[in-house]
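Asker: I would like to see how this sequence folds:
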Amino acid sequence: MNELAVRLGKNIAGRRKALGITQAVLAEVVNVDEETISRFERGMVTPSLATLDRLATALDCGLEHLVSGVSDNLASVSTDLAKMLEPLAPNDRRLVKEIVASLAQRLQSGK
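Answerer: Numbering: from 1, shown residues only. I've put the predicted structure just below:
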């Protein structure tokens with residue numbers, strides 16, 4: 001199985017469960033069969049972009065929520081961190097930034 005498909009499937013399942021809807025209901029709204037939703041959630045199949053868009057709409061979230069954590073590239077990590085910092089007060093954001101900078105420096109030096 002592909003790591004992308006597995007992570008995406010976990011995000012789809014997690015959002016569906018958080019909303020309290022069944023695979024059957026989601027399948028009906030997205031216009032696929034229930035087994036297809038099951039395959040998506042198990043990471044057996046990756047949805048097409050059009051289906052992914054319908055899933056995001058049905059799950060009342062953005063595409064970024066469904067693909068969150070799928071990639072460890074710098075842009076993805078930066079986006080995830082920005083989302084975590086968004087609700088914090090400006091002083092708290094600065095504190096977190098200082099902690100991350102200190103930790104990054106320590107990791108780079110190997111200490």
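
Asker: tell me which helix or strand comes right after the least confident helix or strand in the chain by mean pLDDT.
Answerer: Across the helices and strands of the chain, mean pLDDT, DSSP states H and E gives its lowest value to helix 74-85, namely a mean of 73. The helix or strand immediately downstream of helix 74-85 is helix 90-109, counting by DSSP states H and E.

Asker: need the pLDDT of the residue most central in space within the chain.
Answerer: In the chain, the centroid-proximal residue (C-alpha atoms, centre = their mean) is residue 68; its distance is 2.4 Å. On the pLDDT scale, residue 68 is placed at 77.

Asker: list the contacts of it.
Answerer: Contacts for residue 68 (C-beta atoms under 8 Å, 6 or more residues apart in numbering) come out as 11, 80. Heads up, the C-betas are built off the backbone N, CA and C, glycines and all.

Asker: which residues sit against stretch 93-104?
Answerer: 81, 85, 88.

Asker: same check on stretch 18-30?
Answerer: 16, 33-34, 36-38, 41, 51, 54-55, 58-60.

Asker: give the rounded mean pLDDT of that stretch.
Answerer: Per-region confidence: stretch 18-30 scores 96 on mean pLDDT.

Asker: how far is that stretch from where the chain is centred?
Answerer: Counting by C-alpha atoms, centre = their mean, to the nearest Å, stretch 18-30 is centred 18 Å from the centre of its parent chain.

Asker: buried residues in that stretch?
Answerer: Buried residues in stretch 18-30, counted by 16 or more other C-beta atoms under 10 Å: 23, 26-27, 30.
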